[in-house]
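> Everything below, folded, please.
(one chain, ligands or ions: 2)
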Amino acid sequence: MSRFDSILVVDWSASGTPAPARPSKDAIWLCLARAGQVQEPIYCRTRAEAEARITQIIADERAAGRRILAAFDFPFACPKGVARQITGSDDALDLWQWLEARITDSATGQNNRFDVAEAMNAQFSGPGPFWGKPDVDRWPGIPYRKEGIGFEDFAEMRACDRVAKAASSCFQLCFPPTAGSQMLVGLPMLARLRRQDGVSVWPFEPWEDKAVVLAEIWPGLIEPAVKRAMADGSPIRDSIQVTLLARALSRLSAEQLGQLMSGLPEAAWQEGWILGADHAELLQALADEGAPPAPPPLRDDCFAMPAGVHWTPVDDALAALRAGLHPVVRAEQCAVPDAAGRILAGPAIARRANPPTPNSAVDGYGFAHDSLPAGDPVLPLVDGRAAAGVPFEGSVPKGHAIRILTGAAIPDGVDTVILEEDTREAAGQIAFRAGIKRGANTRKAGEDVTEGSEILPRARVLTPADLALLAATGLGEVDVFQRLRVAVLSTGDELVEAGGAAGLGQIFDANRPMLLAQLRSWGLEAIDIGRIPDDRAALRAALDNAAARADVILTSGGASAGDEDHVSALLREAGAMQQWRIALKPGRPLALGLWDGAPVFGLPGNPVAALVCTLIFARPALSLLAGAGWQEAQGYDLPAAFNKSKKAGRREYLRARVRNGKAEAFASEGSGRISGLSWAEGLVELPDEAATINIGDPVRYIPFCSFAL
Ligand code: AMP
Ligand code: MG
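Ligands and ions are numbered 1, 2, ... in the order given. Model (predicted):
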C-alpha cells in the first residue's frame, strides 16, 4: 500500500541563528502537496519553528484522515558500520536516539553539534570521520579539512549517495553542502516525530500501513527541473526545490511510488535510502510540468464525428463523445458531512479499521471458550460490565463470565459471547446449554474494513451510505472534484419567461427550468444565463458570459442549420463546431462545439427532444467532464403494453412508464407534447433496426431514476 494523500517536503538547515524575517535562501522551507497540487511553500526562520509547523501539519493531515509522506533532505543514516562504532548497534534508529540525547538546540538555533561530532570522532581511531568546522582552532577532535581522513573501515558515501550521484557526505559538517551538520540537528527532530502515534521511518521500519511515513529525499535528483524553474526568474532556490519535489512526489502514481519505496538493496537496511535515488528522470519529468495540475483543456477536435456518415448511429455518437472528453475540474477538499453527491477525485483510504477493535455483536455474556466445562455451563459473573464506549478494564478470569453489551470492546479473557436470551441468570451466575461455538457473537477487528484499504474508488459519486463508510473508517475530509459548472441558456425570439405576459406567437420558455433542475439533481452547479433573442451579437455576448462563468454550456434552440439557427452559426464561426446528425427520434441535429474552450451542447429547442438529448447525450458527457466517469443509464426488459412498428435506421425513445409490470407508452409520439414528458416515468428504447412490437413483447425500459432524475 503505497498511496499517500499528502506529501510534505522539508528543506532543512543547520544554521545557528534565525534566518532573516524576509523569506530567504539557506533557511528551512516546507511544502505540502496533495494529488499533485502544491500549496504555498512555508518559510521557517528557526528549526524550532519548523518542527512545530511540521508536527502541526502531520497532526492536521491525520485528523483529516489523510495519509502523509514527510520527506527530509538530510541523511537518515551513515555509511554501513559507522553507527555501530558510535552506539554499538547497527540500527540507524539507535543513532537517532543517541543524538537526541546529546544534541542541544535552542529556540533560536544555538546548538552543540560540533561538540557532539567531536565526541563521535573520539570513538574512531585516526582523524575524522566527521570533518569541517567554522573555526580552525576550536574542536581539536574535528579535522578542518577532509584530507588525511582514511575512510578505510567504512565508505565515505552510502550506497544510495553513489546511486543518486550525490556529492554530499554525512561526514561533512561545514562549508556547503553541510549534510553532516543538518543530519546532526535533524535526526533529533525526527526522533521526536517518530514517537508520535502511527509514524514509521522508511525504509527501516514497516511502513506500508502506517498513516505517517518519514523518508529521506535529495533535491539534487531534480536539479535540471530546479534550474529551469530558476531560469524563469523564480527568486529562492530552496523554495523552488521543495515545491518541485513535493509536486513530483505527489504526482507519482501509487504503483510508481511503490517501485521507488520497495525492492531496495541490502545496504538500505543500515544506511537508509534516498527516495527515488535511481529514478531521477521520472521525478524530473513530474516536477517539470510547469503549471499546477489544472486538467488539460479539451482538444478542438473533441467533438469530431466519423467522416462520411450521413446519419450517425446513437452508439457511434456516444462512443465519439466518450473518446473526446475528459474531466475538466480540479480537486478540492470537502468535509465528509457535506460530501453527498460529490465525486471523489482520488480513492478514499480507510484511516482506521472497522470495527477498530473486536467487539460484541449482541447483548449477552462473554467468557473464554476454553474455560467451559463439559456439559451445560454455569459460570459466575465478574463484577462490572463491558458496554459500547465503556470498556471493561480488567481481565475476566477463566471459568467466569461478564455482562457485555452490543458494540462493547471484547474484554481481556473473553473470546465468545452468548446471547442474553439463551441464558438464565440468578444469584450472580449464568447458566446456558452446551454447544456454543468459539468466537460466537463477536466481531473481529477489521473484519469489515482493514486500515489502509481503499474503501471507495476515484470517480465515485458519494451516496449517503458512503458518508457512513467514510466516517466509520475515520475520514473527516475527502478529495472531491470541484462541482462542474454548467451554464444554461434558451434561444428564440418567441420565448417569454414563464408566468409573464405572452403575446400572439409567443411561448413560454419551458426548457430552461427543466434543464436547470436536471443539472441540480445531478449535483452540478447550474448557472442560469437566461433567454437570448435570435440575434447573433446578443447570443455571442451570452456565450462569452457563459464561458467565463461555467465549464460547460447547454443551449436549447437554434441548433439546426436554418436562418435563425444562430447557435450553430456562431459555433461554426468559432471553428470548433460539429453538427451531429444523429439517427435518433426524437431529436434533430445536435450542435456541439467549443466556445472559448468550454464545450457547448446545442440541444434542440423542442422540449421533448431537448430532454431526450440531454438524458442520452449530455448526461454521460457531463458526468465524464465532472470526473465521475461515463455513466450509462441502466435499463431492463419488460413486456410492452403497446403495439408499435418502426422502420430501420434510427433509434427511438418513447415516453413510457410501468404499470402492472408492463411498459406503457404515451399515447402520442408528437414531439410537442410536453405533458407526455410529465406523464412518463422513464423511456422505452427501441433499437436502431426495424422492429414490430406487439403487446407482451419485451422492450427495454429505462426508468428516469436510472438517469439520476
Ligand atoms: P428551434 O430548435 O429553435 O428551431 O426550436 C424548435 C421548436 O422548439 C420551436 O417550436 C420552438 O418554439 C420550440 N422551443 C425552442 N426553445 C424553446 C423553449 N426554451 N421552451 C419551449 N419551446 C421551445
Ligand atoms: Mg429557435
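> and residue 619, what does it touch?
Taking Cβ atoms under 8 Å, 6 or more residues apart in numbering, we find residue 619 in contact with 522, 631, 633, 707-708. Where you see a C-beta, it was placed from the backbone N, CA and C, and this is true even at glycine.
> from those residues, which two are the most distant?
522 and 633 (12.1 Å; Cβ to Cβ).
> Between these two, which has more neighbouring residues?
Just comparing residue 522 and residue 633: by other Cβ atoms under 10 Å the higher neighbour count belongs to residue 522, 22 against 19.
> Verify the stated contact: that one with residue 631.
No. Residue 522 is beyond contact range of residue 631, at 9.5 Å (criterion: Cβ atoms under 8 Å).
> Would you mind listing what in the stretch 401-550 of the chain touches ligand 2?
For the stretch 401-550 of the chain, the residues in contact with ligand 2 (Cβ under 5 Å from the ion) are residue 492.
> Which of the three states applies to the residue lying closest to residue 280 once chain neighbours are set aside?
Leaving aside its sequence neighbours, residue 280 sits nearest to residue 221 (Cβ to Cβ, 6 or more residues apart in numbering; 4.4 Å). Under DSSP: H, G, I helix; E, B strand; the rest coil, residue 221 falls in the helix class.
> tally of neighbours for residue 221?
Using other Cβ under 10 Å, the number of residues around residue 221 comes to 26.
> Just want to check the distance between it and residue 244.
10 Å (Cβ to Cβ, to the nearest Å).
> Now residue 102: closest residue in space, sequence neighbours ignored.
Per Cβ to Cβ, 6+ apart, closest to residue 102 is residue 116, 5.0 Å.
> can you list the residues that contact the helix or strand harbouring that neighbour?
Assigned by DSSP states H and E, residue 116 belongs to helix 113-121. With contacts defined as Cβ under 8 Å, 6+ apart, helix 113-121 is touched by 14, 86, 99, 102-103, 127-130, 133, 138-142, 173, 180-181, 184-185.
> In it, which residues are buried?
For helix 113-121, the neighbour count (16 or more other Cβ atoms under 10 Å) marks 113-118, 120-121 as buried.
> show me where the stretch 51-200 of the chain has strands.
Ranges of strands within the stretch 51-200 of the chain are 68-72, 199-201, based on DSSP state E, counting those that start in this stretch.
> Just send the ones you listed back as JSON lines, with mean neighbour count and mean pLDDT too.
JSON lines is the format used below for the strands of the stretch 51-200 of the chain (neighbours: other Cβ atoms under 10 Å; pLDDT from 0 to 100):
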{"stretch": "strand 68-72", "mean neighbour count": "25", "mean pLDDT": "97"}
{"stretch": "strand 199-201", "mean neighbour count": "20", "mean pLDDT": "96"}
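> wait, what's in contact with the residue nearest to residue 280?
164, 274, 276-277, 279-280, 283-284.
> Please repeat the previous calculation with a cut-off of 6 Å.
Neighbouring residues of residue 221 by Cβ atoms under 6 Å, 6 or more residues apart in numbering: 276, 280, 283.
> do you know how far the single nearest residue of the chain relative to ligand 1 is from ligand 2?
Nearest to ligand 1, among the residues of the chain, is residue 605, at 2.4 Å (Cβ to the nearest ligand atom). Separation of residue 605 from ligand 2 (Cβ to the ion, to the nearest Å) stands at 5 Å.
> Setting aside sequence neighbours, what's the nearest residue to that residue?
In space, and not counting its chain neighbours, residue 605 is closest to residue 557: 3.2 Å by Cβ to Cβ, 6+ apart.
> what's in contact with the helix or strand bottoming out on mean pLDDT in the chain?
Lowest on mean pLDDT, DSSP states H and E among the helices and strands of the chain sits strand 577-580, with a mean of 72. For strand 577-580, the surrounding residues in contact (Cβ under 6 Å, 6+ apart) are 303, 305, 317, 571, 589-593.
> Sheet-wise, list the partners of that strand with their directions.
strand 590-595 (antiparallel) (DSSP bridges).
> Okay, buried residues for the helix or strand harbouring residue 321 please.
Take DSSP H and E as the rule and residue 321 turns out to sit in helix 314-324. For helix 314-324, burial by neighbour count (16+ other Cβ under 10 Å) applies to 314, 316-318, 320-321, 324.
> Can you name the residues in contact with the next helix or strand after it?
Next in sequence after helix 314-324, counting helices and strands by DSSP H and E, comes strand 331-335. Residues from elsewhere that reach strand 331-335 (Cβ under 6 Å, 6+ apart): 35, 342, 345, 477-482.
> and of the residues you listed, the nearest to ligand 2?
Among the contacts of strand 331-335, residue 482 lies closest to ligand 2 (Cβ to the ion), at 32.8 Å.
> Please read off the pLDDT at the residue nearest to the closest one when sequence neighbours are not counted from the model.
Among residues not flanking residue 482 along the chain, residue 329 sits closest, at 4.7 Å (Cβ to Cβ, 6+ apart). Turning to residue 329, the model gives it a pLDDT of 89.
> hang on, residue 329 packs against residue 480?
No. The pair residue 329 / residue 480 is not scored as a contact, 9.4 Å apart, by Cβ atoms under 6 Å.
> the more surrounded of those two?
residue 480 (24 against 19).
> List phi and psi for that one.
Main-chain dihedrals, residue 480, degrees, to the nearest 10: phi -130, psi 160.
> List the residues that contact the one residue in the stretch 551-700 of the chain that gets nearest to ligand 2.
When distances are taken as Cβ to the ion, the stretch 551-700 of the chain reaches nearest to ligand 2 at residue 557, 3.9 Å away. Contacts of residue 557 were listed using Cβ under 6 Å, 6+ apart, and they are 491-492, 605.
> With residue 584 instead?
Residue 584 makes contact with 314, 650-651, according to Cβ under 6 Å, 6+ apart.
> cool, and residue 477?
64, 333, 335.
> got it, and residue 563?
So residue 563 contacts nothing (Cβ under 6 Å, 6+ apart).
> Next: residue 407.
Applying Cβ under 6 Å, 6+ apart, the residues contacting residue 407 are 359, 388.
> okay, residue 291: pLDDT?
What the model reports as pLDDT for residue 291 is 41.
> let me redo that: residue 93
Looking at residue 93, its pLDDT is 97.
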